[in-house]
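Participant: generate coordinates for the sequence data below:
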Amino acid sequence: MKILVAEYAVGGGEESESLLREGKAMLSTLKAGFERMGHEVVYPEAEADFGAAVERLSKESDAGIVIAPDEELYSLTRLLESNTANLGCPSEFVKICTDKLRTSELLRAEGIPVPRVVPVEEVETANETRYVSKPRYGCASEGVFILNGNNSHEVLSSYESSDYIITEFIRGEDISSSVIAGKASVLPLTINKQFIRADGERLRYEGGYVPYSIGQEADREIMSISKQVVTTLHGAGYVGIDFVLAEDERKAYVVDVNPRPTTSIVGIAKVLKNYEVADLMLRAKFGTLPAVESVKTEGCFVVNLA
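Facilitator: Next up, the predicted model:
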């Protein structure tokens, strides 16, 4: 097969050094995996018009996947779907997940733990209480801030639009899960430790540790919630789910659902013992995913973006 891997930072000539480094790592991971399985891989690189490159290359490919910021991912996925088989998350799932407020509301309605969404008036009158603000439509940790009554006006006015979401701040451990969803099942891959650094009021993602265990019972709970999230939102393909494990109650709260490969895929590809991530993505689209107990990991890998 000829497979398109359209990674936005590499394909569009991203100027941010950190985002470009992440993009190159994910692209090289998927490219190497598909090639080890005997497939040909094509990808755009430093294109003046990334969308036009996706359209051109997808028409020439048997299948493809787009990795892009949330605000671009839906339209690019729709474009790819119109021309070839989509190995990534379906565009309608992307549309839901890239709206953080809608995602939170849908998950809460199903009883899935999510941080409480709060009105700006509450923040402005709470001097000591901390909150988290982030763009309603945004990518990963970009534009995520810690708020309190003293800095809320300054931080909120820095957003380019009024589309932001404010939630309660949950003190705890930052982790994520990585799963692949097929037609009839959801396959858990790994739980990952996330390195999140506070830079003043801003939160920054600096990599992670793959795989990571928080205890057998807690691991099972995280993966059970992950399956419920994907099922509730009718997801498919590779999905990364961000959690905070509250330190006071050891309860896992879903803080973000990423409908695309995340940086953790670099580590997962290193530690999967008997499957290629690329193979599992193809199986999810065209065949049947293996049983959970047949997928083994070996060793660990640190993704360092600091």
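
Participant: can you point me to the longest strand in the protein?
Facilitator: The longest strand of the chain (DSSP state E) is strand 186-199.

Participant: what helices or strands is it leaning on?
Facilitator: strand 172-181, strand 202-210, helix 216-232, helix 264-271, helix 277-286 (3 or more Cβ pairs under 8 Å, 6 or more residues apart in numbering; DSSP states H and E). C-beta: built from backbone N, CA, C; applies to glycine.

Participant: listing partners with orientation, what would you give for it?
Facilitator: Using DSSP bridges, strand 186-199 pairs in its sheet with strand 172-181 (antiparallel), strand 202-210 (antiparallel).

Participant: let me know which of the ones you listed is tucked in deepest.
Facilitator: Among these, the stretch with the highest mean neighbour count (mean count of other Cβ atoms under 10 Å) is strand 172-181, at a mean of 22.

Participant: circling back: nearest to Phe243, out of the helices and strands packed on strand 186-199?
Facilitator: strand 172-181 (5.1 Å; Cβ to Cβ).

Participant: can you show me the CA trace of the closest one as PDB?
Facilitator: Provided in PDB are the C-alpha atoms of strand 172-181 (Å, rounded to 0.1, in the frame of the first residue of the first chain):
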ATOM      1  CA  GLY A 172      -2.600  15.600  41.200                       C
ATOM      2  CA  GLU A 173      -0.500  13.500  38.900                       C
ATOM      3  CA  ASP A 174      -0.500  14.100  35.100                       C
ATOM      4  CA  ILE A 175      -0.900  10.900  33.100                       C
ATOM      5  CA  SER A 176      -2.400   9.800  29.800                       C
ATOM      6  CA  SER A 177      -3.600   6.700  28.100                       C
ATOM      7  CA  SER A 178      -3.100   5.600  24.600                       C
ATOM      8  CA  VAL A 179      -5.700   3.300  22.900                       C
ATOM      9  CA  ILE A 180      -6.600   2.200  19.400                       C
ATOM     10  CA  ALA A 181     -10.200   1.700  18.600                       C
END
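
Participant: just the angle for that strand relative to helix 216-232, thanks.
Facilitator: Strand 172-181 and helix 216-232 are oriented at 50 degrees to each other (axes from the mean of the first three to the mean of the last three Cα atoms, to 10 degrees).

Participant: tell me the angle strand 172-181 makes with helix 277-286.
Facilitator: 60 degrees.

Participant: run the chain-centre distance for strand 172-181.
Facilitator: Relative to the centre of its chain, strand 172-181 is centred 9 Å away, using Cα atoms, centre = their mean, to the nearest Å.
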